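Asker: Please work out how this folds:
(2 chains)
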Amino acid sequence: MTDRHAKEPYIILRDVRKGYRIGGEAIPIFANLDLEIPRGDFVAIMGPSGSGKSTLLNMLAGVESPDAGEIKIGSARLDRMGETARSAWRAHNMGIVFQFYNLLPMLSAAENVELPLLLKPIPAKERRIRVGKVLDLVGLAGREKQYPTLMSGGQQQRVGIARAIVADPDLLLCDEPTGDLDRNSADDVLDMLRLLNRELGKSIVMVTHDPQAALYARRTLHLDKGRFVEKKRAA
Amino acid sequence: MSSTLKQTLVMTRANLLSLPRRFAIAASMALSVALVVCVLAGFLSMAAGFEKALKSAGSSTVAVILGGGTNQENGSDVPADVIRTIEARRGDIGAVRDTAGNLVSSREIVVPVEMADDQAGVEKILALRGMDPIGPSLRDGVTLTAGRFTKPGAREVVVGERIATEFPSLAVGKQVRLGSVNWRVVGHFSSAGSAFESELWADLDAVHSAFDQLGEVQSVRLRLDGTGAIERLKTALGGITTTPLIVVTEADLYAAQSSGTANLIRMFGWPVALLMALGATAGALNTMMSSVSDRTIEIATVRALGFSRLSAFVATWAEAMVLAVVGVSIGLVASRFLFSGWQASTIGTNNTSIAFELTLSEDVMLTAGLLGLAIGAIGGALPAFSATRLPLTAALRARG
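Answerer: This is a model prediction of the structure:
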């Protein structure tokens, strides 16, 4: 990823408002939230519980809509899309890495990784080749037929990452990707994310509680009471 | 293969492969469907068996003449002078004549007789049919399986196979007390499982004298001669008495008798089966809701990856249908073992017992099977819809 790309705004949030209504009581999460993330950036989002990290990630993933404001990723205005359109957009442009891996236990590693490719008109042979390549990339070559239940947490998360990148999306959203892993496995996963960012140019937004995980990102945004506080540091 | 189809197939496969995780509740759904199928198949095969027994007894080439304004043998009375008038008719009246020009006919009467069921230890009312010697030959498909037919005037009976099997005391050569006199069993006959096999046949004069019903005739059977014969016979016999005679083919007579009882069985069977189906549908709904709940994370995950709502719907619905198909299969196989060849009996129109065999026909299996599938289709639809409405946020923070 080049610096030229890094300056190009890729994710734009403008005047985003979002709140929930619980038992008739309005609970505001964001009021006029603004954010710009350049293409090819690797951003860690940290903050205390209730600061809005999950809500932000959900809105970026398009699984929740803002009450008002603009959410633009690339040329797509997620806030203007219906759920079906967002779903289709997500399938082609975004990979998601879940905290608890969210692998389908009855499918093999290869079958789990193949899932996003089923959404595209790719022949079976080509799908198998791509699945093999990404499993190789995450260090799981030869484990195509292994089932998630027989894998360690770190291995499962690597399958999760392979699934997230197999369709070659521009953006990876990572929700506490190391939250369920020991330190060594966490470092392996974070190394992999850094590699994907630096070598393959993937834009990555990672929500984490772990300050050490945040060190792998190019920058960390601190979210507190629905507002960002940016702390810059050397990449 | 389209993307939607691929998504649907992979989700359906994942659903079905996850079934062992919820084996107990999935099995309970399949078994409740099986039970409904079994119950409905039982009632319908009973109705079908009864219908088959009566309908196969009736021949379309035999006419039955009834008198006294009734369309059943029970209560019918064909006076002797009317019989003489019929026999005196010359020319083509639609009935077959013998070489001497006499009508091939049998005068008949049915007398209810009590018979102790040796095995069940209860009394049953059986039909003792008195008939002219030509009577047995007017029944299509009747064959002697043991002994011989009765001799004119003798106190002898031949016994239908079904009741012969049920009553050991009706073995060939035994004496049996019917009414106030003893009768000798001289033969057994079969008629392909028809209602005739529930009767005892004797000579008409012997029945008249034994039951003090001299001259009484309930019906006259005639062999019809060619096509349109029944209409020619009706025309020929019209206006013979002030009370019109009823002339029907034997097939129509038994069809009319069978439809009432068969419909009664169905009228009882369907509400019971539907009520059970309602319960099974609630069970299916519960099972599939549990399935959706069990797979919340998986469904939300693939939906978050971009899978369509349709694939989530079809995959869940397909699971319900697969369980229903399993239930239907179990139900039909169990029905085959339970009901095929099972003997039952009921009271017929002559107030006598009619034995019949339950018939698990293709129609019966199809109807019961479709009800089972409907349980799956209806019980699975709402949970399938709810699967499409799962919040995707469930996937992002849920422990898989």
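Asker: In its sheet, which strands sit next to the helix or strand hosting B:Val248, and in what direction?
Answerer: Here B:Val248 sits within strand B:246-249, counting by DSSP states H and E. Applying DSSP bridges to the sheet, strand B:246-249 is found paired with strand B:62-66 (antiparallel).
Asker: hmm, who's touching the strand it pairs with?
Answerer: B:72-73, B:76, B:78, B:86, B:94-95, B:138-140, B:218-224, B:229-230, B:233, B:237, B:245-250, B:253 (Cβ atoms under 8 Å, 6 or more residues apart in numbering or on different chains). The C-beta positions use only the backbone N, C-alpha and C, and glycine is treated the same way.
Asker: Also stretch A:104-120?
Answerer: Contacts for stretch A:104-120 (Cβ under 8 Å, 6+ apart): A:91-92, A:95, A:103, A:127-128, A:130-132, A:134-135, A:140, A:143-149, A:151, A:159, A:162-164, A:166-167, B:3, B:6-7, B:10, B:14, B:17-18, B:298, B:301-302, B:305-307, B:400.
Asker: How about the contacts made by A:Ser152?
Answerer: A:Ser185.
Asker: coming back round to it: near chain A at all, the next helix or strand after the strand holding B:Val248?
Answerer: For strand B:246-249, the following helix or strand on the C-terminal side (DSSP H and E) is helix B:250-294. No - applying Cβ under 8 Å from any Cβ of the partner chain, one finds helix B:250-294 separated from chain A by no less than 11.5 Å.
Asker: what mean pLDDT would you report for helix B:250-294?
Answerer: Averaging pLDDT along helix B:250-294 yields 81.
Asker: since we're on residue 56, how many residues are nearby?
Answerer: All of this refers to chain A. 28 (other Cβ atoms under 10 Å in any protein chain shown).
Asker: nope, chain B please
Answerer: A count of nearby residues for B:Ser56, using other Cβ under 10 Å, gives 21.
Asker: pLDDT on stretch B:328-343, on average?
Answerer: The model assigns stretch B:328-343 a mean pLDDT of 89.
Asker: could you dump it to PDB, C-alpha only?
Answerer: C-alpha atoms of stretch B:328-343 as PDB (Å, rounded to 0.1, in the frame of the first residue of the first chain):
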ATOM      1  CA  VAL B 328     -44.500 -39.400   6.600                       C
ATOM      2  CA  SER B 329     -42.200 -42.300   5.700                       C
ATOM      3  CA  ILE B 330     -42.200 -43.700   9.300                       C
ATOM      4  CA  GLY B 331     -46.000 -43.200   9.500                       C
ATOM      5  CA  LEU B 332     -46.600 -45.000   6.200                       C
ATOM      6  CA  VAL B 333     -44.200 -47.900   7.000                       C
ATOM      7  CA  ALA B 334     -45.800 -48.300  10.400                       C
ATOM      8  CA  SER B 335     -49.300 -48.100   8.900                       C
ATOM      9  CA  ARG B 336     -48.300 -50.900   6.500                       C
ATOM     10  CA  PHE B 337     -47.200 -53.100   9.300                       C
ATOM     11  CA  LEU B 338     -50.100 -52.200  11.600                       C
ATOM     12  CA  PHE B 339     -53.000 -52.100   9.200                       C
ATOM     13  CA  SER B 340     -52.300 -54.200   6.100                       C
ATOM     14  CA  GLY B 341     -54.200 -57.400   6.400                       C
ATOM     15  CA  TRP B 342     -55.800 -56.400   9.700                       C
ATOM     16  CA  GLN B 343     -59.300 -57.800  10.000                       C
END
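Asker: and for it, what are the contacting residues?
Answerer: Here stretch B:328-343 has contacts from B:30-31, B:33-38, B:41-42, B:45, B:162, B:165-166, B:355-358, B:360, B:365, B:368-369, B:372-373, using Cβ under 8 Å, 6+ apart.
Asker: what comes up buried for that stretch?
Answerer: Of all the residues in stretch B:328-343, those buried under the rule 16 or more other Cβ atoms under 10 Å in any protein chain shown are B:Val328, B:Ser329, B:Ile330, B:Gly331, B:Leu332, B:Ala334, B:Ser335, B:Phe339, B:Trp342.
Asker: Checking my notes, the first one in a strand, right?
Answerer: This means B:Val328. No - assigned with DSSP: H, G, I helix; E, B strand; the rest coil, B:Val328 falls outside any strand and is helix.
Asker: Distance of it relative to B:Val36?
Answerer: 9 Å (Cβ to Cβ, to the nearest Å).
Asker: what sits in contact with each of those two?
Answerer: Contacts common to B:Val328 and B:Val36, judged by Cβ under 8 Å, 6+ apart, are B:Gly372.
Asker: The helix or strand where B:Pro383 lies near chain A at all?
Answerer: Per DSSP H and E: B:Pro383 is located in helix B:362-388. No - judged by Cβ under 8 Å from any Cβ, helix B:362-388 stays clear of chain A, getting no closer than 10.4 Å.
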